[in-house]
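In: what follows is a predicted protein model with its sequence.
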Amino acid sequence: MATLRKVIYRAKGFLLTKSFANKRIRVVGRLPKIRSGSQIDFQPGITFVNRLGHTRLSTEKNGRISIGRNVFLNESCIIHSVSSVKIGDNTKIGENVQILDTAFHPVGSTDFVETAPITLEDNVWIANNVVILKGVTIGQHSVVGIGSVVTKSFPAHSLIVGNPAFLKKSLD
Ligand SMILES: CC(C)(COP(=O)(O)OP(=O)(O)OC[C@H]1O[C@@H](n2cnc3c(N)ncnc32)[C@H](O)[C@@H]1OP(=O)(O)O)[C@@H](O)C(=O)NCCC(=O)NCCS
């Protein structure tokens, strides 16, 4: 049974690789779940690891997810876009990370749902269980510590921690 499952996963991985021709996508375990009709751009070298869970990628009508070169996405992440989510080259994303460029629901008595683009610049490391909310840009070579909830933007070379996340120190 386990062997059959492995064969199916490998076959699915092959099909995914084929459907993104020349994009060099590596899938360890399960394929990510991608909502049908989602606008997602991949650069070559992405790795998805999902031995236990599923990463979910989805966009709505005007949303777009752009994933740069050599990006690593660990188990059970959720990336959802109604605006834009850009993930820079060589970025590493830990387990259970959520990147959401919308609040999904209005806050207060308005009908307006706030949305704003998210950008992770190149060479960022996002540790496990981090949440990144709408409008955030994280500068290149930054690290976001485990469990942080990032509600605002940070410059390059930042160590960002906490809920709400703050600049703990600048990295050399
Ligand atoms: C990114 C990380 C490694 C940084 O931790 P670190 O190297 O220990 O950081 P430092 O030792 O430089 O700590 C600097 C300060 O930030 C604090 N800090 C570090 N991580 C923190 C976090 N996630 N939340 C709150 N504070 C944190 C430390 O307590 C320390 O505070 P102090 O100077 O007041 O004593 C750590 O936060 C982390 O995320 N670890 C887990 C990584 C992970 O998820 N790996 C799985 C696969 S990706």
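Out: That came in fine, so what should we check first?
In: thought residue 77 was touching residue 99?
Out: Yes: Residue 77 is within contact range of residue 99, at 7.5 Å (criterion: Cβ atoms under 8 Å). In this view, the C-beta of every residue, glycine as well, is placed from N, C-alpha and C.
In: identify the residue nearest the geometric centre of the chain.
Out: Central residue of the chain (Cα atoms, centre = their mean): residue 79, 4.9 Å from the mean position.
In: wasn't that residue part of a helix?
Out: No: under DSSP: H, G, I helix; E, B strand; the rest coil, residue 79 sits outside any helix and is assigned strand.
In: count of neighbours near residue 102?
Out: When neighbours are counted by other Cβ atoms under 10 Å, residue 102 registers 18.
In: quickly list what it is bridged to.
Out: residue 115 (DSSP bridges).
In: likewise for residue 47?
Out: Beta bridges link residue 47 to residue 26, residue 72 when assigned by DSSP bridges.
In: pLDDT below threshold where in the protein?
Out: Residue ranges of the chain with pLDDT under 70: 1-23.
In: quick revisit: ok, the residue nearest to the centre of the chain to residue 157 distance?
Out: Plainly put, residue 79 is 24 Å away from residue 157 if you go by Cβ to Cβ, to the nearest Å.
In: one step back: these two touch, right, the residue nearest to the centre of the chain and residue 63?
Out: No: counting by Cβ under 8 Å, residue 79 does not reach residue 63; the two are 10.0 Å apart.
In: what residues are shared contacts of the two?
Out: residue 85 (Cβ atoms under 8 Å, 6 or more residues apart in numbering).
In: for this protein, which segments count as helices?
Out: For the chain, applying DSSP state H gives helices covering 2-19.
In: for residue 140, which non-adjacent residue is closest in space?
Out: residue 121 (3.9 Å; Cβ to Cβ, 6 or more residues apart in numbering).
In: no no, residue 45
Out: residue 70 (3.9 Å).
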